[in-house]
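J.: let me see the structure of the following:
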Amino acid sequence: MAAKAEPIGPRNGHELAPLNTRADGSERPHGVTIVLQGSRGSLQRDVPGEDRAAWSGKVQFFLSIIGYSVGLGNIWRFPYLCQQNGGGAFLIPFLIMLVLEGIPLFLIEMAIGQKMRLGCLGVWNTIHPWLGGIGISSCVVTLFVALYYNVIITWVFFYLFNSIRLTGDQLPWAHCPQDNGTAEIECNKASATVYFWYREALDASPSIDEPGVPRWWIVLYLLLAWIIVFFIVMKGIQSSGKVVYFTSLFPYVVLTIFFIRGITLPGSSDGILHMYKPKLEKLLQPTVWLDAATQVFYSFGLAFGSLIAFGSYNPPNNNCVRDVLLVSVCNALTAIYASVVIFSILGFKAFTMTESCITKQIKILALHHIGGFQLNSTHDYYRQEFPKINENITSALNLTECTIGQQLEQAAEGTGLAFIVFTQAILKLTPAPFWSITFFLMLLSLGLGSQIGIMEGMLACIFDIDFFKRLTKPMITGVVCTFCFTVGMIFTTGAGEYWLKMFDSFAGTIGLVVVALLEMIAVIYIYGHEKFTNDIYEMTGYRPGLYWQVTWRYVGPFIVTGILISSVVSMLISPPEYSAWDAAEGHTVKKSYPDWVLGIAVVMILAGVLPIPVVLLLRRFQCLAFDVDIHQGSIRRIETTVSTKEMMSDQDSSDSEDGIRTSGRFEDSSSDEEILNTRTGRLAMKPIGRKPTTFKMDVNND
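T.: Predicted structure coming up:
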């Protein structure tokens, strides 16, 4: 039986390539030569002249990782979780989940990318062809997230340009419109900052069923955002690597400026103490631990394929373990530091709001001649006498005691924190336009840093497909950005924020967690934790010990499975709602998504998950060829060298005497034992040169 020699992809850590010519340059009539390099079970990606992008230096790599993993969630999500889940006590489950879940999975993605030097498509197809769908799912989910993440950058641009004023009074969200009409009435029912966000910035529609036409100003800012992203990522890390020096470092400069200013403001200490005052009883609630695990998972940007891509640009001997530990510590400290800064400013806002509340209530109590209050009564007198007033009187006047704690309990997260609460606090700072510009420049830097990483992960998958290698990177990037801008038009309508909430609730949750779980299973149980441990040892000189083995094999998969199950159960029990703007009442109201929107949400979830079983079944039943070239970069020809030329010439003569022509091919699904014990022939292994780990194997029929 004959077997035709054709190149096949790496299988279980072995790099296979044919030698189709003799040493003298003539065609080899038969036989296949297989060259193995490196220790058994490892993938040798150290190829001179390999056409793979690389970081220009360690600093560029580190800043890119920091810019990607430290994002908007550190600013507007982590402080909210601390406030709602026990204050300082929340740091306990957060740090535990960081150690047991975040860091181990972080190292898996960084190390496997560095070892194989491929994007997420090539990595999982290389570990086993049946797992190729993991890379496709990761790419699809990343596309969904990239669509709406850039919309946040769009809103930041809108506020940034509207912050360019001479005085705080000129900021457009400082005052309600004076038109003696419905706009003024609506604004007075809400507040100037709330009205500006929902009416001037978004022009929000009453429901997701009534989106209206795209708002032209949002369309222009969205176009600007995608143009900037295109120019940053159009050449891969050759272009984006230069921008990270700004996007990664500038937020820390701004946070430090706000910190120095914040701690000098009245009420800042109350804000910080309110957030970090530990409430240990909260630790008994399972939802607190789940929130901590979820925050760690998303704060690292796991399962997007971005960390695999970033790792693949590193040299093979890079100490990825050290990098993972440094970035993890930096990420956690940044979240804590940002929380202190945010709540020092919010404490000042609460102080000013409390003072205004007291002034207003003193006036009401004085006019009703209650408790000896006069129009000129001091705030200290109010704090002393108000608790003594009969509850029936305060209820009749609809009064509640004004306290800083009451103001701080009005928690906000996400866009509400950034575009409503914090903008209101900025109005109290002098000069307000300076602080507004600085704040939104920081959000812009954080958003772009994360968006760059998201796009790099998605584009690395595309660039590793051989078909697209015929096209230039700027061309592919341009097509992707144009497609994203076109689809993103849905976010420019009056229902844009409602759609963004839907995408965030469905598109970027279930799919990412499924991908992350299968990544751990693929690396630890299919590729093998021993092989993976040896790979890390060969790259870094450090052999992962008991902590890594336990978290990789048991704890990490258990936690991620818990996140997955709880997410699915939560969606089934209480489907996500969105806050729609009610112009008549001047505030938002909770509404359920209509069935047709939930149908779209289900389609997005399936689009992010189905590629995994579909590819597995197609390849299991040989409906899809195993040698589909989605990682051409991982297959290379072993050229003749001086050390091997003589041996190969000797073998050529033996080939002509004993060998017979082979046809067919080894399928990539064949195991090592199947190749070594194939019925079509036997493998003769001979050492090449002086390297004990390099062998030349020829297939000969008996």
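J.: near His72, how many other residues are there?
T.: Actually, residue 72 is Leu. It isn't His. Around Leu72 sit 19 other residues, with neighbours defined as other C-beta atoms under 10 Å. The C-beta positions use only the backbone N, C-alpha and C, and glycine is treated the same way.
J.: how about it, nearest residue that isn't a chain neighbour?
T.: Sequence neighbours aside, Leu446 is the residue nearest to Leu72 in space, at 5.3 Å (criterion: C-beta to C-beta, 6 or more residues apart in numbering).
J.: next secondary structure after the helix or strand hosting Ile358?
T.: According to DSSP states H and E, Ile358 maps onto helix 320-367. Moving toward the C-terminus from helix 320-367, the first helix or strand encountered (DSSP H and E) is helix 379-385.
J.: centre of the chain to that next one, how far?
T.: 49 Å (C-alpha atoms, centre = their mean, to the nearest Å).
J.: before we move on, what about stretch 376-390?
T.: With C-alpha atoms, centre = their mean, you get 50 Å for stretch 376-390.
J.: what does stretch 489-506 give?
T.: The answer for stretch 489-506 is 19 Å, by C-alpha atoms, centre = their mean.
J.: related to what we said a few turns ago, report the separation between the residue nearest to Leu72 and Asn180.
T.: Leu446 sits at a distance of 41 Å from Asn180 (criterion: C-beta to C-beta, to the nearest Å).
J.: looking at these two, which is more packed in?
T.: A count of neighbours by other C-beta under 10 Å puts Leu446 above the other of Leu446 and Asn180, at 27 against 8.
J.: quick one: contacts for that one?
T.: Neighbour list for Leu446: Val70, Gly71, Leu72, Asn74, Ile75, Thr247, Pro251 [criterion: C-beta atoms under 8 Å, 6 or more residues apart in numbering].
J.: next up, the contacts around the fourth one.
T.: Applying C-beta under 8 Å, 6+ apart, we find Asn74 in contact with Ser299, Asn331, Thr334, Ala335, Ala338, Leu446.
J.: same list (the residues you listed) but as CSV, adding distance to Val229.
T.: Below are the contacts of Asn74 laid out as CSV (distance: C-beta to C-beta, whole Å):
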residue, distance to Val229
Ser299, 21
Asn331, 23
Thr334, 23
Ala335, 25
Ala338, 24
Leu446, 14
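J.: what is the nearest of those to Asn314?
T.: Using C-beta to C-beta, Asn331 is the member of the contacts of Asn74 that lies nearest Asn314, at 18.7 Å.
J.: burial count for the closest one?
T.: 23.
J.: how about the nearest residue to it, chain neighbours excluded?
T.: Ser69 (5.3 Å).
J.: and the one you found, what pLDDT?
T.: On the pLDDT scale, Ser69 is placed at 86.
J.: check the one 5 residues further on too.
T.: pLDDT for Asn74: 83.
J.: next helix or strand past the helix or strand containing it?
T.: In the assignment (DSSP H and E), Asn74 maps to helix 72-76. Where DSSP H and E defines the elements, the next helix or strand beyond helix 72-76 is helix 78-84.
J.: ok so, going back, tell me the SS of the residue nearest to Leu72?
T.: helix (DSSP: H, G, I helix; E, B strand; the rest coil).
J.: next: Ser248.
T.: From three-state DSSP, the assignment for Ser248 is helix.
J.: okay but it is in contact with Ser69, surely?
T.: No. Using C-beta atoms under 8 Å, Ser248 is not in contact with Ser69; the gap is 10.1 Å.
J.: in a helix, Arg165, correct?
T.: No. Going by three-state DSSP, the assignment for Arg165 is coil, not a helix.
J.: show the contacting residues for the closest residue to it other than its chain neighbours.
T.: Using C-beta to C-beta, 6+ apart and skipping the chain neighbours, the partner closest in space to Arg165 is Pro433 (4.6 Å). By C-beta under 8 Å, 6+ apart, the contact list for Pro433 reads Ser163, Ile164, Arg165, Leu166, Thr167, Gly168, Gln170, Leu171.
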